[in-house]
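J.: pasting the sequence and the predicted coordinates here, then a few questions.
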Amino acid sequence: MDFQSKKIMPRFSLVVLLMSIAGICALGKAIYTMTIGRERWVSMKSILVKEGRTLPAKRGNILAADGSILAASLPEYKIYIDFMSSEKDSLAKIKDQKLRDSILTHKVDTICEVMHEVFPDIIPDSLKAHLLRGRKLKRRYWPVYVNKVTKLKLGPYQNRQISYIEYSKIRTLPLFNRKSSTTFLKVDLRRRPYGEMANRTIGYFKDSARYGLELAFDSILRGKPGLYHRHKVMDSYIDIVDQQAEDGYDIQTTLDVGLQQIVEKALRRQLDENVCTSALCVLMEVETGDVKAICNLTRHADGSHHEDTPLAITDLYEPGSVFKPQSFLVAFDDGKISMNNHVDTGNGIYKFGRAAMKDHNWKNGGYGVLSVPMIIANSSNIGVSRLIDSNYGGNPRAFVDGLYRIGSAEDLQVPIPGYQKPRIRRPGEGSYWARTTLPWMSIGYEVQVTPINTVTMYNGIANNGRLMRPRFVKAIMRDGVVVRELPPVVLREHMAKPEAIRNIQICLETVVTDGVGKKARSKRFGVAGKTGTAQVHRGGHKTNELFVTFVGYFPTSKPKYSCIVCVRKSGPAGGGLNCAPVFREVAETVMSLDSVADYTSTRDTTAHAKAVHIAGNMRSTDRLMAMLSMPQAPLAAGSSAWGTYEYLNGHAVATPATATPDSIMPNVMGYGLRDAMVRLEQMGLRVKCQGSGRVAAQSVHAGDKVKRGTTVTLTLEQPKHKGKKPAAPKPAPKPAAPDTTTAKPGAKPEAKPQKPETKPKNKAEAKPKAKSENKPKAKPTEQKKKKKS
């Protein structure tokens, strides 16, 4: 044992020694790596692992009131080809390069022809030359769809983007189906399905939000980006997500696409018919303050109209006569005036101090004595200013405080960037308060407001004094579910006393019925509103341009919408002349959408309806009946979905088809193409079709044996109506010659056709006609018999 133990000890010591040496070497190598070789390994890590990459979040959509998309981020792609192999191994590189060149040489014509089918503007020969040139230059990142290969020659090397549908069509082409050869660079672009519609309101996004709702709700729409890093494995990089991106929320606006198109169409017609610098229109819902449509158009030098600036929100202007009802509302609320007051406007010229104020008809001798409603109806400057000056001249601050009280100077906090608050100064604030300031302020000068503020005030009057904040966005959503609702905001529960509000409503109705706003009147419903005209100042000086307005609401019986139309143009212009017709067109078109005709009185109650037979998928028909709130037929659980659905006199009956195995051809007569294809392809049959409508014939008869893969041709025809066609009108029978034969006893006499009498135009025509009518006369006895019969 001693000998054995002595023999083992040297071996054990040797192992310990070797392990100690290995450990010392490993420790030394580690120390060397951490100190001397540290920089090399840090640089190697940056090559193998690329950290801190931003994972972009998908931007949320902007939706209309009904959920349709106004702006969305859609994936698009740029195509690049790598003509050179990236293999590390020399033999593999040569082999891969030969494969690439072989595909390009033999399939380039196919690639170009298919690209031309998908993109008709591509010229196949130009694309072929472009691809071969890229190979000749040995390019690694060669753009494919550039302007140089299309009919458009501008910007030859601008790489175009393709949609996902186009990408799906070409990704299987030779060379394009190899990841190592072709790169499809994905780019998320902001698209607006309705083009420039409500451009300045919806906004614009390219790399960053520029204006409109895109900018106002950018923090909600953009989401939160994530993080990922790239790791090199087997000569290729893989993406490893460290933090998932959080997609942006959707915002649902109050805009109505249909109403927006109505407003834009009416405004464009106004700009086409008149030489206008700009025009705008805002349509607001009375009850909620929701902005249903907003359009701001500016004329360009070439005569085209575009929405470049949100004029209704950002442009401060002197409102002119549309401000007069607000002045009277303050006076009514303070009890200073009543509907029975009268004012002598004289000959249309009246002096306040040294300044002369004129009515628009001063050249015709003025209006003379006017009542309060007719002052507003005829838009008399003198009538309004005299009443306000006589009641507030000693205390103008009380009048201005009244304007603030009813909401004329309210900051609406409109979310669109660039909104300007009203500027209505008080005595002692700002510039000098002159003797003429109050009279001119009462008729819409010496103040500055935006059109959105003006229509908001009239919306409050229509809403019986309940002033609402204009609402552009009503909900924040994600995946169709409301995350946060933005309810309507009430700014004033009562702008003024109910009697004061009613008095102003009567005055505004009189403007349209008996005043200067008659062109806004509709025969279908009541309209109330006010015209306005103001001089445009630039650089502190008057210009020859006028800013004309018509603002009001409809229908007067139960106001639903308020609307403002503003036009800026040179020369003769007026709110009643240029804006009121646009207002009427918008109002009548909008109200026609809400009207529902009652056709019950026109139904034919004597006719019996025929049964409607619908062959095909009965469950789909049943769902359709449910959507239309029509009676449904009870379908037994587990029964066949195929059969006939019959509907007659408010009752539905479902008749399932006889179950057939997959080896027997079913009867698909009367099916729609979709149902027929679904049923036959489920059996493994191939379907060809010709014509349109429902299946009228099938190449394989029902009940015949079929095998999987058999081709069945279906002939489709439109259903024919089985009602009798109206008989064609028969030509009038010629007058028959007198019958000289004796009538048989008991026979029914034939009615003798009467020849219409026509007067001859002249004697020459009468003579030959008389000759032609010289026919042998019947005997007297025969004539007596005919008369007797």
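T.: Perfect, I can see it now. Numbers count the residues shown, from 1 in each chain.
J.: in this protein, where's the longest helix?
T.: helix 2-34 (DSSP state H).
J.: buried residues, that helix. List them.
T.: For helix 2-34, the buried set under the neighbour-count rule, 16 or more other Cβ atoms under 10 Å, is empty. In short, each C-beta sits where N, CA and C put it, glycine included.
J.: and if you look at stretch 114-121?
T.: For stretch 114-121, by 16+ other Cβ under 10 Å, it's Val114, Met115, His116, Val118, Phe119.
J.: distance of the last one relative to Asp188?
T.: Think Phe119. According to Cβ to Cβ, to the nearest Å, Phe119 stands 21 Å off from Asp188.
J.: do the same with the third one
T.: Counting by Cβ to Cβ, the separation of His116 from Asp188 is 27 Å.
J.: all helices for the stretch 151-300 of the chain, in order.
T.: Applying DSSP state H, counting those that start in this stretch to the stretch 151-300 of the chain gives helices spanning 164-170, 199-202, 212-216, 218-221, 257-273.
J.: how about these in CSV, adding mean pLDDT?
T.: Shown next, in CSV, are the helices of the stretch 151-300 of the chain (pLDDT from 0 to 100):
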stretch, mean pLDDT
helix 164-170, 88
helix 199-202, 94
helix 212-216, 95
helix 218-221, 95
helix 257-273, 93
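J.: figure out which of the ones you listed is closest to Tyr141.
T.: helix 164-170 (17.9 Å; Cβ to Cβ).
J.: buried residues of that closest one, list them for me.
T.: Buried residues in helix 164-170, counting neighbours by 16+ other Cβ under 10 Å, are found at Glu166, Tyr167, Lys169, Ile170.
J.: so what's the gap between stretch 500-514 and the chain middle?
T.: 35 Å (Cα atoms, centre = their mean, to the nearest Å).
J.: and stretch 421-441, end to end?
T.: 17 Å (Cα to Cα, to the nearest Å).
J.: list the buried residues for it?
T.: Within stretch 421-441, judged by 16+ other Cβ under 10 Å, the buried ones are Lys421, Pro422, Ile424, Arg425, Trp433, Thr436, Thr437, Leu438, Pro439, Trp440, Met441.
J.: same question for stretch 342-352.
T.: Val343, Thr345, Gly346, Asn347, Gly348, Tyr350, Phe352.
J.: residue contacts, the second one?
T.: Meaning Thr345. Applying Cβ atoms under 8 Å, 6 or more residues apart in numbering, we find Thr345 in contact with Asp359, Gly366, Tyr367, Gly368, Val369, Leu370, Ile375, Ser380, Ile382, Gly383, Arg386.
J.: distance-wise, check the first one relative to Leu255.
T.: The gap separating Asp359 from Leu255 is 40 Å, by Cβ to Cβ.
J.: the two: which has the busier surroundings?
T.: Using other Cβ atoms under 10 Å, the more surrounded residue of Asp359 and Leu255 is Leu255, with 28 against 23.
J.: now the phi/psi pair for the nearest residue to that one once chain neighbours are set aside, please.
T.: Nearest residue to Leu255, sequence neighbours excluded (Cβ to Cβ, 6 or more residues apart in numbering): Ala64, at 5.3 Å. The phi/psi pair for Ala64 (degrees, to the nearest 10) reads phi -80, psi 180.
J.: if we can go back for a sec, narrow the contacts of Thr345 to those in helices?
T.: Per DSSP H, those map to helices at Ile375, Ile382, Gly383, Arg386.
J.: circling back: JSON lines for the buried residues of stretch 342-352, including distance to Ile452 and secondary structure?
T.: Converted to JSON lines, the buried residues of stretch 342-352 look like this (distance: Cβ to Cβ, whole Å; DSSP: H, G, I helix; E, B strand; the rest coil):
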{"residue": "Val343", "distance to Ile452": "32", "secondary structure": "strand"}
{"residue": "Thr345", "distance to Ile452": "32", "secondary structure": "coil"}
{"residue": "Gly346", "distance to Ile452": "37", "secondary structure": "coil"}
{"residue": "Asn347", "distance to Ile452": "38", "secondary structure": "coil"}
{"residue": "Gly348", "distance to Ile452": "33", "secondary structure": "coil"}
{"residue": "Tyr350", "distance to Ile452": "33", "secondary structure": "strand"}
{"residue": "Phe352", "distance to Ile452": "31", "secondary structure": "strand"}
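J.: okay then, goodbye and thanks.
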